[in-house]
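J.: Mind looking at a prediction? Sequence and model below.
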Amino acid sequence: MSFGARGGFEVSVFSFGKPYAIDPSKLHFVIRPWDATFAPKPFAARVGAPVLDRSEEQPQQPERPGTILSYHLPVVFPSRPARPGMYDVTVNTEPGFTRFDDGTELPVDPWPRSDVYWPDEAGADAGLRTARAELENRTVYGYGGLAISCHSYTYNTYLADVGVPVQNVERRHDMVEQMWTGSMTSRGNDQAYSFLAVDPLVVHAEYPATKWSWGGGGSPDDDAPCPGLTLADPWHIDVTLTTTKPPPLPGGYDQFKIAVGMSRDDVARRRGFPQGYLTRASLEAKTVWEYDDALMDQYTVTFRNGRVVSFTVPRGLP
């Protein structure tokens, strides 16, 4: 079981074996702000009927006949938390949430959770106004590179010294989207930190002439920018994009290399900022940056007086 988003919030349930039934009334949510120490509190939600995503027989395993059955349950939160920000949202289930056709209980995985960011859209939407002032009609560069997508389906990636012209920025309402931090070239990495962004900011841009790589996957979203990118709010922009042109950088993979004596900005330009819900100010105050793109791609960079004094190397695959 997992808690995520596909345009809106949803809980996904997956099992291999016998058919089973789902009771949405047995699903509940609790919530806690990131900056709080008290216990999570109940968070009201409307859970829709299960929608079948996949039903596939497994004839290649005659000794274990069965069917892969995957459902998702749409979730709507009637109200927002009392104040904007990042929250830890966890799914709880009661006994009887999933049962086989004979009435026996189908055990579920440990309760899933996701970080969810609700922006402050009150009044004139200060976050949107700030993003427009910073980005519209300007050229941006990505820390660690940049990914520009078309309808959230196909995308091109660009090195950190390639400028991307921005046309305009808008708030996409009634939308929830999974997002990543750190370099945008690692977007879509299920092993890296990600969060769900409510009503994200959409940055409409232009394709530069020279791309580093390209890819695609998933289902097209006709309302997503083409070309463009999506970010949560100004804090997310500040650790992802800059309008300051970088100094000359090496070409190709050499652009990603770091060395003792480099500044924080040098490292951020080449590798992006570390992953996590971290503001630019908090990162500038840290003496050690911890990167965690995956189990085999974990490393640290240590600074003293604003300069790299040591770093570790990802162990990579065996």
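T.: The structure has been received and is ready for your questions.

J.: Assign a three-state SS to residue 266, would you?
T.: Under DSSP: H, G, I helix; E, B strand; the rest coil, residue 266 falls in the helix class.

J.: what residues are up against it?
T.: With Cβ atoms under 8 Å, 6 or more residues apart in numbering as the criterion, the residues that contact residue 266 are 258, 308. To be clear about C-beta, it is placed using only N, CA and C from the backbone, and glycine gets the same treatment.

J.: Same question for residue 286.
T.: Applying Cβ under 8 Å, 6+ apart, we find residue 286 in contact with residue 303.

J.: Go again with 7 Å.
T.: Contacts for residue 286 (Cβ atoms under 7 Å, 6 or more residues apart in numbering) come out as none.

J.: Which residue ranges of the stretch 1-150 of the chain form strands?
T.: Along the stretch 1-150 of the chain, the segments classed as strands by DSSP state E, counting those that start in this stretch run 2-5, 9-17, 20-22, 27-33, 41-42, 46-47, 51-57, 67-76, 85-93, 98-100, 113-118, 139-142, 146-150.

J.: can you pull out the strands in the stretch 151-300 of the chain?
T.: 154-158, 164-171, 176-180, 194-198, 201-205, 213-216, 228-231, 241-242, 288-292, 298-304.

J.: Can you spell out which helices and strands pack onto the fourth one?
T.: Read it as strand 194-198. strand 113-118, strand 176-180 (3 or more Cβ pairs under 7 Å, 6 or more residues apart in numbering; DSSP states H and E).

J.: go on, the second one?
T.: Packed against strand 164-171 by the contact rule (3+ Cβ pairs under 7 Å, 6+ apart) you find helix 126-135, strand 139-142, strand 201-205.

J.: repeat that with 10 Å
T.: Taking 3 or more Cβ pairs under 10 Å, 6 or more residues apart in numbering; DSSP states H and E as contact, the helices and strands that strand 164-171 lies on are helix 126-135, strand 139-142, strand 201-205, strand 228-231.

J.: Which one of those lies nearest to residue 159?
T.: strand 139-142 (8.5 Å; Cβ to Cβ).

J.: Parallel or antiparallel, which strands does the closest one pair with?
T.: Paired strands of strand 139-142, with direction, are strand 164-171 (antiparallel), strand 241-242 (antiparallel) (DSSP bridges).

J.: Mean confidence (pLDDT) on it, please.
T.: For strand 139-142, the mean per-residue pLDDT is 96.

J.: what does that strand rub up against?
T.: The contact list for strand 139-142 (Cβ atoms under 10 Å, 6 or more residues apart in numbering) reads 134, 146, 148, 157-166, 183-185, 203, 205-206, 208, 229, 237, 240-246, 269, 272.

J.: ok so, going back, deepest of the strands of the stretch 1-150 of the chain, which one?
T.: With neighbours taken as mean count of other Cβ atoms under 10 Å, these reach their highest mean count in strand 146-150, at a mean of 23.

J.: what packs against that strand?
T.: Against strand 146-150 (3+ Cβ pairs under 10 Å, 6+ apart) you get strand 154-158, strand 201-205, strand 213-216, strand 228-231.

J.: can I get those strands in JSON lines with mean pLDDT and distance to residue 258?
T.: Shown next, in JSON lines, are the helices and strands packed on strand 146-150 (pLDDT from 0 to 100; distance: least, Cβ to Cβ, whole Å):
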{"stretch": "strand 154-158", "mean pLDDT": "85", "distance to residue 258": "19"}
{"stretch": "strand 201-205", "mean pLDDT": "96", "distance to residue 258": "27"}
{"stretch": "strand 213-216", "mean pLDDT": "66", "distance to residue 258": "21"}
{"stretch": "strand 228-231", "mean pLDDT": "94", "distance to residue 258": "25"}
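
J.: right, so of those, which gets closest to residue 299?
T.: Nearest to residue 299, of all these, is strand 154-158, at 20.7 Å by Cβ to Cβ.

J.: who does the closest one pair up with?
T.: Next to strand 154-158 in the sheet, as set by DSSP bridges, lie strand 146-150 (antiparallel), strand 213-216 (antiparallel).

J.: hmm, who's touching it?
T.: Against strand 154-158 from outside (Cβ under 10 Å, 6+ apart): 141-142, 145-150, 164, 183-188, 207-218, 220, 226-227, 229.

J.: This completes my enquiry, with thanks.
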